[in-house]
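Visitor: build me a model:
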Amino acid sequence: LGQSYGKYVCPAEGVLDPESGEMVPPEEVQCAVDNNMYLVAKTSAMWGGSPPPLFCAPKTMIAETPRWDYNSWCPWQSP
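Guide: Here you go, the predicted model:
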């Protein structure tokens, strides 16, 4: 889709607080992009063939994005 999550910003009019129903200015809910930030989920499914924990990192930290190959374990597929 060609999206860059680092370029997402809140609307100029702000975002709606679902609890109070009031608009919150963008400067209160968005932060500067940290080009060195990475994240790895602490949990993931434990069943055989499940994908690894979700991760997110800058392209500079990962030479090639790994892909989950679900075809290598699907029992209903013939070899």
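Visitor: OK, contacts around the residue positioned nearest the centre of the chain?
Guide: Per CA atoms, centre = their mean, the C-alpha nearest to the average position across the chain is that of residue 56, at 5.9 Å. Applying CB atoms under 8 Å, 6 or more residues apart in numbering to residue 56 gives the contacts 38, 39. Where C-beta positions appear, they are placed from N, C-alpha and C, glycine not excepted.
Visitor: same check on the one 5 residues further on?
Guide: By CB under 8 Å, 6+ apart, residue 61 lies in contact with 36, 38.
Visitor: residue 25: neighbour count?
Guide: For residue 25, the count of nearby residues is 12 (other CB atoms under 10 Å).
Visitor: contact partners for the nearest residue to it once chain neighbours are set aside?
Guide: The spatially closest residue to residue 25, leaving aside those adjacent along the chain, is residue 14, at 4.8 Å (CB to CB, 6 or more residues apart in numbering). Residues in contact with residue 14 (CB under 8 Å, 6+ apart) are 23, 24, 25, 26, 29.
Visitor: then residue 45?
Guide: By CB under 8 Å, 6+ apart, the neighbours of residue 45 are residue 51.
Visitor: from residue 17, how far out is it?
Guide: According to CB to CB, to the nearest Å, residue 45 and residue 17 sit 33 Å apart.
Visitor: great, nothing more from me.
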